[in-house]
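Trainee: Need a 3D model of the following:
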Amino acid sequence: EDTNAIDLTDAMKRRLNGVYVNENQNNPFQPDINYRGYTASPLVGAPAGLSVYLDGVRQNQPFGDVVQWDLIPKIAINTMELIPGSNPVYGLNTLGGAISVQTKSGLTNSGFSVSGYGGNFGRRAVEGEYGGNHGPWNWFAAGTLFHEDGWRALSPSSVKQSFAKLGYNTANTIVSVSGGYAINNLTGNGTQDFRAINRTVGLNHGYNSVYTIPDTTYQHQPFLTINATHAMSHSVSLNAKAYIRYTRTDTINGDANDDSFDQSLYTLSTADKNALTAAGIPFPTTPITPANTPFPYLRCIAASLELNAGEEGEPAEKCTGVDTNTVNRQHAYGVTGALSWNTTHNKLSIGAGFDQGGLTFVQLSQWGYLNADGRSVTRVDSFNDGSEQDDDGTLDDNRVNLHGVATTPSFYVTDTLNVGNGVINAGGRYNHT
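Mentor: The predicted structure is shown next:
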């Protein structure tokens, strides 16, 4: 809280040595975290080398091991630790290290508080938390509302996070049940052409301009975690966890269609005129030129009509824009257990777990044309779904419909032994996915 950071990654950037942040997604809640050359990223395809844990539950998603930083409730974070190295305790892809986050409880944060802040570019936020305890029971609840307009044009983002925990503590036993819900809308418009940035006149010019829109991510996630620790003796303790999480991510990405750049987009063919006339769409009788129509669209509409009529329309080449929609549904659940033996000179831990994650990923692109603003796209009734062929005869199709389930039982052992003035650490892990 003392860092004035907006999320976990912002706090890491401000306080931890060796941590570097890349905002390739152009949104403050979707950065890449780099540590010693290893990465934790929300972008599918980035090489994962860092694991993230919240109250002992792995936050790397089943699809691509990505980390959705905006779904981790910043207001609920009590402590954060970055453990360097490849420790077998932290499982898959913990090549560079692990980020372990512990949440608040009614014992660590009792009382009621509300805070808010604001800044440039429409940034404002309000946060509240309440915690307390009575006898063996303790409770905590917190929430965050955040919104900003963004420093670039048409780049708003809103984040809504909530978290609650109920705990029961006795001399030898600690049990907690925690859960949360986040629902966020994030905009991360792509990089702009440097020539447009340097222009002082014309459409979409200047440092805060954007190339094409939209580029938005909508996601929500409920999760539930049960954590129990029991001290069997002064040196032996047993810990068990169970969790369930569901994440849905919807994206919309508008782009210029570079396959149309070398096409004749102004001269309507006879087939184009016939298709437009049949659909009741007027078109000029005088020549269409870049001077009177900077953003041509009639050939795109005509190509879509022709293709849907069974003729040889080519919206993949005649349409100047394309919108791509994706839907990603992921679920994860699992149980883990660990037995720890701690003495003055030795710390031994033996653990096992069972994790299962499933996903459904769907992608579909729809053709359209750039509007007069030069950055948004109006869609037509044609899709990049294999209904037409490229010039080389291959089907033009970028559809994705992916379903998968990954099941991973695991087992690990780690031991730390003090020998004189030295320390010997050894460990190993076995996963079967």
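
Trainee: got a list of what the closest residue to residue 271 other than its chain neighbours touches?
Mentor: Distances taken as CB to CB, 6 or more residues apart in numbering place residue 306 nearest to residue 271, at 6.0 Å, with adjacent residues excluded. C-beta coordinates here come from the backbone N, C-alpha and C atoms, glycine included. Residues in contact with residue 306 (CB atoms under 8 Å, 6 or more residues apart in numbering) are 271, 272, 275, 312, 313.

Trainee: what secondary structure does residue 306 sit in?
Mentor: In three-state terms, and counting by DSSP: H, G, I helix; E, B strand; the rest coil, residue 306 is helix.

Trainee: Check the gap between it and residue 258 for me.
Mentor: Distance, residue 306 to residue 258, using CB to CB, to the nearest Å: 22 Å.

Trainee: Convert the C-alpha atoms of stretch 239-246 to PDB, please.
Mentor: Listed next in PDB are the C-alpha coordinates belonging to stretch 239-246 (Å, rounded to 0.1, in the frame of the first residue of the first chain):
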ATOM      1  CA  ASN A 239      -0.800 -28.300   5.300                       C
ATOM      2  CA  ALA A 240      -3.600 -28.900   2.800                       C
ATOM      3  CA  LYS A 241      -5.200 -26.700   0.200                       C
ATOM      4  CA  ALA A 242      -8.100 -27.000  -2.200                       C
ATOM      5  CA  TYR A 243      -9.100 -24.400  -4.900                       C
ATOM      6  CA  ILE A 244     -11.400 -23.900  -7.800                       C
ATOM      7  CA  ARG A 245     -11.200 -21.000 -10.400                       C
ATOM      8  CA  TYR A 246     -13.100 -20.100 -13.500                       C
END
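
Trainee: how about that stretch: buried residues?
Mentor: Across stretch 239-246, burial judged by 16 or more other CB atoms under 10 Å covers 239, 241, 242, 243, 245.

Trainee: what does stretch 29-40 give?
Mentor: Buried residues in stretch 29-40, counted by 16+ other CB under 10 Å: 29, 30, 31, 32, 33, 34, 35, 38, 39, 40.

Trainee: Stretch 284-295 now?
Mentor: Under 16+ other CB under 10 Å, the buried positions of stretch 284-295 are residue 288.

Trainee: Ok, stretch 79-90 next?
Mentor: Buried residues in stretch 79-90 (16+ other CB under 10 Å): 82, 87, 88, 89, 90.

Trainee: Name the nearest of the residues you listed relative to residue 178.
Mentor: Nearest to residue 178, judged by CB to CB, of these is residue 90 at 19.9 Å.

Trainee: Quick check: closest non-adjacent residue to the closest one.
Mentor: Residue nearest to residue 90 in three dimensions, not counting chain neighbours: residue 98, with 4.0 Å by CB to CB, 6+ apart.

Trainee: coming back round to it: show me the buried residues of stretch 239-246 that map onto strands.
Mentor: Mapping the buried residues of stretch 239-246 onto strands (DSSP state E) picks out 239, 241, 242, 243, 245.
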